[in-house]
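Chemist: quick one: sequence and predicted model below, then my questions.
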Amino acid sequence: MDLTTLVPVAILLAFVVIQVVQRRRTRRLSLPPGPPADPLIGHLRLMPNTNDAAEVFHGWAQTHGDVMSLDILGKRLIILSSQEAATDLLERRGSNYADRPSFPMYERIGWKDALVFLPYGPYFKRQRKMIQSPFEKDKVAVYAHIQEQEACVMLYNFLNEPGKMDRHVHRYTTAMIMEIAYGHRILSEDDEYLRMAEEIIDILSATARPSLLDVSPIFDKLPSWFPGAWFIKYIEETKPIVRQHVQNPISDVQRQLAAGTAKSSFVSHQLEDLSREGQLSAESRYDLGMVAHMIFGGGSETSYHTIVIFLACMLMNPEVQRKGQEEIDKITEGGRLPDFTDRDALPYVDCIVKETMRWHPVFPSGLPHRAVDDDEYRGMRIPKGAFIIANARSITWDPRHFHDPQSFKPERFLPKPEGAGEIFPQGAVFGWGRRICPGRYLALDMVWIAVARILAVFDIQETRDGAGNIIKPNIEFGTALTSYPKPFPCDLRPRSKKAADLIKQGYDMHMADVDI
Ligand code: HEM
């Protein structure tokens with residue numbers, strides 16, 4: 001063997017030896033600490049339900065530290081409870097933690113190829129590239145007019161039907177996402193796309209409940225009459241619905257493109273690109289369907305719940321509401337609605353958005369990642385295949401980074417000396433490393449315009465009973481895939497006659513181009 005062959009072979013051998021030694025060493029290390037476990041079933045008995053998980057993990061972290069480990073019937077969960085640990089692993093060593101665990105129920109009803117559930121690999125990268133580019137920071141401004149328009153519709157709906165606050169916010173985020181993704185404008189309450197969004201919410205909340213499939217995939221062979229096998233029938237019934245929701249909007253846009261009536265949208269652009277490059281096939285059309293469905297799946301519920309959390313926060317913190325309104329009034333003088341061009345002049349409103357997201361992240365325990373390979377961290381072993389949970393609740397309540405963390409204080413994000421100069425916990429809100437939310441800039445815009453416009457024209461107040469007594473709202477949270485406030489009484493009252501006129505004018509202006 002001559003020198004030119006020997007050197008690369010030696011390097012390769014050395015690399016293999018180092019890997020083997022490292023792996024053996026890592027295997028000898030102990031796992032991160034955790035609460036005492038039962039034999040065989042590990043921490044199964046201790047596991048909190050999805051509603052309480054983030055807070056229970058946060059409590060455990062006070063005793064066991066910011067890197068904990070749990071064993072659920074042989075599955076290893078690593079809970080990261082600090083910004084530092086989450087950044088070290090999920091960002092600095094991102095390639096080892098970009099994988100996802102499997103979600104058996106979601107996969108079986110038809111979301112196996114949905115980006116958010118995909119394992120890390122070439123197929124993931126292909127889908128991720130498709131969604132990432134159109135929603136980059138400097139590109140999302142093209143959606144501003146859709147957001148301003150739909151915000152006007154939401155304000156108008158609040159004015160006309162104040163008792164249906166929740167529904168109007170849901171319609172706002174759904175309408176916006178459907179127009180951005182498919183160019184479809186929602187104009188009526190019985191719109192097919194709105195119905196589709198409602199069906200997806202029902203599916204998400206039904207499938208959030210644990211099933212035997214979480215224990216082992218072999219249970220999907222059970223007969224549907226078997227006790228506890230409710231999911232067999234549910235999967236069978238739900239699969240065709242999910243398939244339709246993925247495929248039908250793509251067919252609609254294809255038909256519109258052929259007829260020359262398609263509106264500019266994520267899907268219309270992608271279909272045109274694929275056709276131009278000769279890449280339009282059943283496979284690429286399927287992938288596009290999945291990615292577009294993820295814009296809806298990722299963007300609608302999350303933003304909807306964030307805006308409802310904002311309303312709850314305003315109800316509980318009237319002085320913050322007043323400060324936000326004062327800042328807006330100084331810019332608009334009450335004579336117009338704020339728009340995106342005002343954003344730089346409204347730093348406190350920006351902080352209200354950030355504080356809403358920090359105070360109650362819609363994924364309080366994040367979305368799990370999975371370790372691709374064995375790893376060593378602070379002298380502890382992170383085993384290959386472990387589920388990695390960055391507990392957003394602990395990170396956003398960390399008193400080392402946020403003073404008085406459980407209070408709602410937007411000024412914490414203002415630079416010193418006006419504020420505390422604290423840093424927005426982007427990871428806890430939008431995720432980490434290679435799986436970070438690709439829609440985060442759009443999300444911040446969608447929530448910002450809603451917040452700015454609601455504050456400009458409405459007072460968010462407690463309701464009163466028949467005798468005129470204030471009804472103190474009790475804000476409770478529920479969790480499906482995302483966490484949301486359960487319905488609470490809230491009175492949205494126009495701040496003045498002028499404010500009500502602005503709402504009507506905004507609505508008329510945005511409906512002027514609609515052919516009915
Ligand atoms: C307030 C609104 C939003 C919040 C709080 C939010 C938060 C998150 C979080 C925490 C993740 C998981 C990241 C991780 O695994 O580390 C995620 C993933 C994702 N989000 Fe968002 N998101 C929002 C809006 C949006 C929007 C508007 C879109 C649409 C463009 C979107 C699309 C997605 C997708 C496709 C994923 C999966 C990414 C992957 O697995 O690689 N999200 N989001």
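Modeler: Now that the structure is in, tell me what you want to look at.
Chemist: which residues of the stretch 51-200 of the chain lie near the ligand?
Modeler: Counting by CB under 6 Å from any ligand atom, the residues of the stretch 51-200 of the chain close to the ligand are 115-116, 128, 131, 135. (Each C-beta comes from the backbone N, C-alpha and C, glycine too.)
Chemist: 5 Å - rerun?
Modeler: Residues of the stretch 51-200 of the chain lying close to the ligand (CB under 5 Å from any ligand atom) are 115-116.
Chemist: find the closest residue to the ligand in the stretch 51-200 of the chain.
Modeler: Nearest to the ligand, among the residues of the stretch 51-200 of the chain, is V116, at 3.8 Å (CB to the nearest ligand atom).
Chemist: all strands of the stretch 351-500 of the chain, in order?
Modeler: 369-370, 375-377, 380-382, 387-390, 458-461, 477-479, 483-485, 491-494 (DSSP state E, counting those that start in this stretch).
Chemist: for the residue nearest the centre of the chain, which non-adjacent residue is closest in space?
Modeler: For the chain, the residue lying nearest the average C-alpha position, counting by CA atoms, centre = their mean, turns out to be T302 (4.5 Å). Nearest residue to T302, sequence neighbours excluded (CB to CB, 6 or more residues apart in numbering): V362, at 5.2 Å.
Chemist: repeat that for E84.
Modeler: D66 (7.3 Å).
Chemist: thinking the one you found is in contact with S82, fair?
Modeler: Yes: using CB atoms under 8 Å, D66 is in contact with S82, at 3.8 Å.
Chemist: who touches both of those two?
Modeler: S394 (CB atoms under 8 Å, 6 or more residues apart in numbering).
Chemist: quick check: which of the strands of the stretch 351-500 of the chain is nearest to the ligand?
Modeler: Of these, the one closest to the ligand (CB to the nearest ligand atom) turns out to be strand 369-370, at 6.0 Å.
Chemist: what's the average pLDDT for that closest one?
Modeler: Average pLDDT, strand 369-370: 98.
Chemist: contact partners of that strand?
Modeler: 90, 97-101, 119, 385-388, 390, 432-433, 435.
Chemist: out of these, which are buried?
Modeler: 90, 97-101, 386-388, 390, 432-433, 435 (16 or more other CB atoms under 10 Å).
Chemist: before we move on, back to that, quick check: which element contains the residue nearest to the centre of the chain?
Modeler: Per DSSP states H and E: T302 is located in helix 282-316.
Chemist: surely D38 is in contact with L44?
Modeler: Yes: using CB under 8 Å, D38 is in contact with L44, at 7.2 Å.
Chemist: looking at those two, which one has more neighbours?
Modeler: For the pair D38 and L44, the greater number of neighbours falls to L44 (15 against 11), based on other CB atoms under 10 Å.
Chemist: quick one, what contacts the more buried one?
Modeler: Under the criterion of CB under 8 Å, 6+ apart, the contact partners of L44 comprise 38, 72-73.
Chemist: distance check, it against I218.
Modeler: Applying CB to CB, to the nearest Å, one obtains 18 Å for the distance of L44 from I218.
Chemist: can you list the buried residues in stretch 274-292?
Modeler: Of the residues in stretch 274-292, those buried by neighbour count under the rule 16+ other CB under 10 Å are 274, 280, 284-285, 287-292.
Chemist: reformat those as TSV; add pLDDT and distance to the ligand.
Modeler: Listed next are the buried residues of stretch 274-292 as TSV, based on pLDDT from 0 to 100; distance: CB to the nearest ligand atom, whole Å:
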residue	pLDDT	distance to the ligand
L274	94	19
L280	92	22
S284	93	18
R285	94	18
D287	94	13
L288	96	13
G289	95	14
M290	95	10
V291	96	8
A292	96	10
